[in-house]
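Novice: attaching a predicted model along with its sequence, questions to come.
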Amino acid sequence: MRAARLMLCGLLGLLPGLLRTAESPAPASTPLPDAGIERITGARNSSAANPAAWIIEKPANWNGTVLLYAHGYSPVISNAPPESAPREARSVLLSRGYALAASAYSAGGWALAEAPVDQMRVLDEFVRRFGRPRRTIAWGSSMGGMVTLALAERHPDRIDAALPLCGSVSGTLGMLNTALDGAFAFRTLLAPDSGIRIVGVDDDRANAARVATALQAAWNTPQGRARVMLAATLAQLPAWSDPASPRPAADDFNAQAEQLRRTFAMGVFVPRVDQEQRAGGVYGWNTGVDYRRVLRASPLRQLVRHFYREAGLDLDADLATLDRAPRIEATASAVAYMRANFVPRGDWRVPVLTLQTIGDGLTVPATHGGLEQITRAAGRARMLGQLWLERAGHCVFTAAELTAALSTLEHRLDTGGWSLAPAEVAARGATAGGESRFIRHAAPPMPRQCGSRPGSCTGEPRVSGAAPQ
């Protein structure tokens, strides 16, 4: 029971709270303890009710580059100025002459509609005060990585390059449908009468409690563990997710299973209430999905077969059960909203460099395979570079790794070519502090990738779908 309580606490910590608003502060310019840095804060309105707090930090030795930072998901609106950069790298970047700018966004939650607008308004404020920068590089963490891609796609005349960090970079539909696949398998095979909802969720907290209880019960039996492994694999979770644990050996299925258990609930049963309210309906679906094909594409398929053999279960029979189970349909207008907010087209006009750990259980590495698919299909593969770290955890980077990634992107701007060998990349951040764990790594496939063109994805609704299930 203690494990279930801890799991539930972790889930609830990610769920939305109440939104807060406040009066707009007047812009202010104040000195920082950092010598020679001008710090300006204020608010710009995307709406009269919810002004977006912002921050600009410009060092006296400004090198002409602005780094426009987009923060990750926050359930509430912040009235305080946001972080101007990942805290690990802020001081190093300022000391090297980079100007930093960021918005807190004018909405909490899944603010992909508001955040790109708010970010550009901060850039406008910088230009108004200091003139047009020589370069503007957009970057951002987690959901902010998707904001970063939206800026690069929509404003190539003002954004020179993009550096999404630990983001679900293939876009909302593929990411969330992939999680839905895992949730569908879990509920169908392990908890059909539990009251767990996959879509049409009216209370994320109550749903999270039901998931935690069902997962704990399933883990107590070999049959339950095998089916959790199948669900985790369909959701494309990585077999390493805990930064406090060493990377499991390729043949250590028990250690891999424990890693998958730890991240399962948060990586699969993502909060959906806010997103469905914004989208105006159910945006996720699995009509037409062949789960045998999804499993065949997974690098963890042997792990699933191992646990099914141990449990004496018939994997083909369970896959047949998934085939027969009533599928989830989406509403066309809700899909259109989530596609707009945001699925990239991949036709990049500026260089895009991603940075990700191989063991991120929240924004799964397979989304980087999805971004590769999108970019290749658009004929712009030369515009995309990807960097990988041999580490587990979500958005866990050192100053050395962040500055190395930034310098690698600048090298691409200066030379027109990518230089992505791990040793070369690490050398660019060697003086910034902290270790660098860059490795060569191929992005896992994304079987449920869904692109930006309406009607292009398997099972996608063309008319309003069925009621929430």
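Specialist: Looks like it came in fine.

Novice: what about the closest residue to Glu460 other than its chain neighbours, neighbour count?
Specialist: In space, and not counting its chain neighbours, Glu460 is closest to Val335: 6.4 Å by CB to CB, 6 or more residues apart in numbering. The way it works is simple: take the backbone N, C-alpha and C, and place the C-beta from them, glycine included. By the criterion of other CB atoms under 10 Å, Val335 has 28 neighbours.

Novice: isn't Val335 right up against Pro461?
Specialist: Yes - in terms of CB atoms under 8 Å, Val335 counts as a neighbour of Pro461; the distance is 6.3 Å.

Novice: still on that earlier bit, how about the helix or strand harbouring the residue nearest to Glu460 as PDB, C-alpha atoms only?
Specialist: Counting by DSSP states H and E, the element that carries Val335 is helix 332-340. Output in PDB follows, covering the C-alpha atoms of helix 332-340 (Å, rounded to 0.1, in the frame of the first residue of the first chain):
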ATOM      1  CA  ALA A 332     -12.900  15.900 -35.700                       C
ATOM      2  CA  SER A 333     -12.900  19.400 -34.400                       C
ATOM      3  CA  ALA A 334     -11.000  18.400 -31.200                       C
ATOM      4  CA  VAL A 335      -8.300  16.700 -33.400                       C
ATOM      5  CA  ALA A 336      -8.100  19.800 -35.500                       C
ATOM      6  CA  TYR A 337      -7.500  21.900 -32.400                       C
ATOM      7  CA  MET A 338      -4.700  19.700 -31.100                       C
ATOM      8  CA  ARG A 339      -3.100  19.500 -34.500                       C
ATOM      9  CA  ALA A 340      -3.000  23.300 -34.600                       C
END
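
Novice: helix or strand next in line after it, which one?
Specialist: Next helix or strand after helix 332-340 toward the C-terminus (DSSP H and E): strand 352-359.

Novice: sorry, back to before: mind giving me the packing neighbours of the helix holding Val335?
Specialist: Judged by 3 or more CB pairs under 8 Å, 6 or more residues apart in numbering; DSSP states H and E, the packing partners of helix 332-340 are helix 172-190, helix 273-279.

Novice: what angle sits between it and helix 172-190?
Specialist: Orientation check (axes from the mean of the first three to the mean of the last three CA atoms, to 10 degrees): helix 332-340 against helix 172-190 gives 120 degrees.

Novice: tell me the buried residues in helix 332-340?
Specialist: Under the neighbour-count criterion of 16 or more other CB atoms under 10 Å, helix 332-340 has Ala332, Ala334, Val335, Tyr337, Met338, Arg339 buried.

Novice: what's the closest of those residues to Asp160?
Specialist: Taking CB to CB as the measure, Asp160 sits nearest to Arg339 out of the buried residues of helix 332-340, at 26.2 Å.

Novice: list the contacts for the residue of the chain most remote from its centre?
Specialist: In the chain, counting by CA atoms, centre = their mean, Gly312 sits farthest out from the average C-alpha position, at 36.3 Å. Residues counted as contacts of Gly312 (CB atoms under 8 Å, 6 or more residues apart in numbering) are Pro222, Gln223.

Novice: again, but for Arg272
Specialist: Arg272 neighbours (CB under 8 Å, 6+ apart): Leu176, Val199, Val201, Asp204, Gly284.

Novice: nearest to Leu402 among the residues you listed?
Specialist: Using CB to CB, Leu176 comes nearest to Leu402 of the contacts of Arg272, at 27.3 Å.

Novice: tell me the confidence at the nearest residue to that closest one once chain neighbours are set aside?
Specialist: The shortest distance from Leu176 to any non-neighbouring residue, by CB to CB, 6+ apart, is to Gly284 (5.4 Å). Looking at Gly284, its pLDDT is 98.

Novice: ok, now how distant is Gly284 from Phe397?
Specialist: Distance of Gly284 to Phe397, given as CB to CB, to the nearest Å: 30 Å.

Novice: what stretches of the stretch 301-450 of the chain score poorly on pLDDT?
Specialist: Scanning the stretch 301-450 of the chain for pLDDT under 70 picks out no residues.

Novice: now do the strands in the chain.
Specialist: According to DSSP state E, the chain carries its strands in the segments 28-31, 37-45, 51-59, 65-70, 99-103, 135-141, 161-165, 352-359, 384-392, 438-439.

Novice: with just CA atoms, put the fourth one into PDB.
Specialist: Once non-C-alpha atoms are left out, strand 65-70 reads as follows in PDB (Å, rounded to 0.1, in the frame of the first residue of the first chain):
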ATOM      1  CA  THR A  65      22.400  36.800 -29.700                       C
ATOM      2  CA  VAL A  66      19.100  36.500 -27.800                       C
ATOM      3  CA  LEU A  67      18.100  33.100 -26.400                       C
ATOM      4  CA  LEU A  68      14.300  33.000 -26.200                       C
ATOM      5  CA  TYR A  69      13.400  30.400 -23.600                       C
ATOM      6  CA  ALA A  70      10.000  28.600 -23.300                       C
END
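
Novice: mind listing the strands that strand pairs with, and their directions?
Specialist: Here strand 65-70 is paired, per DSSP bridges, with strand 99-103 (parallel), strand 135-141 (parallel).

Novice: just put these in a markdown table and tack on mean pLDDT, mean neighbour count and distance to Arg210.
Specialist: As requested, the strands paired with strand 65-70 are exported to a markdown table (pLDDT from 0 to 100; neighbours: other CB atoms under 10 Å; distance: least, CB to CB, whole Å):
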| stretch | mean pLDDT | mean neighbour count | distance to Arg210 |
| --- | --- | --- | --- |
| strand 99-103 | 98 | 26 | 36 |
| strand 135-141 | 99 | 25 | 30 |
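
Novice: need those in a markdown table (columns: distance to Leu68).
Specialist: As requested, those are exported to a markdown table (distance: least, CB to CB, whole Å):
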| stretch | distance to Leu68 |
| --- | --- |
| strand 99-103 | 5 |
| strand 135-141 | 5 |
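
Novice: so for Arg154, which of those sits nearest?
Specialist: For Arg154, the closest of the strands paired with strand 65-70 is strand 135-141, at 10.5 Å, according to CB to CB.

Novice: contacts for that closest one?
Specialist: Strand 135-141 has contacts (CB under 8 Å, 6+ apart) with 64-72, 86, 119, 123, 146-148, 151-152, 158-167, 395, 406, 409-410, 413.

Novice: and if we set it to 6 Å?
Specialist: With contact meaning CB atoms under 6 Å, 6 or more residues apart in numbering, strand 135-141 is reached by 65-70, 72, 147-148, 151-152, 159-163, 165-166, 395.

Novice: now do it: distance to the chain's middle.
Specialist: Taking CA atoms, centre = their mean, to the nearest Å, one finds the center of strand 135-141 at 16 Å from the center of the full chain.
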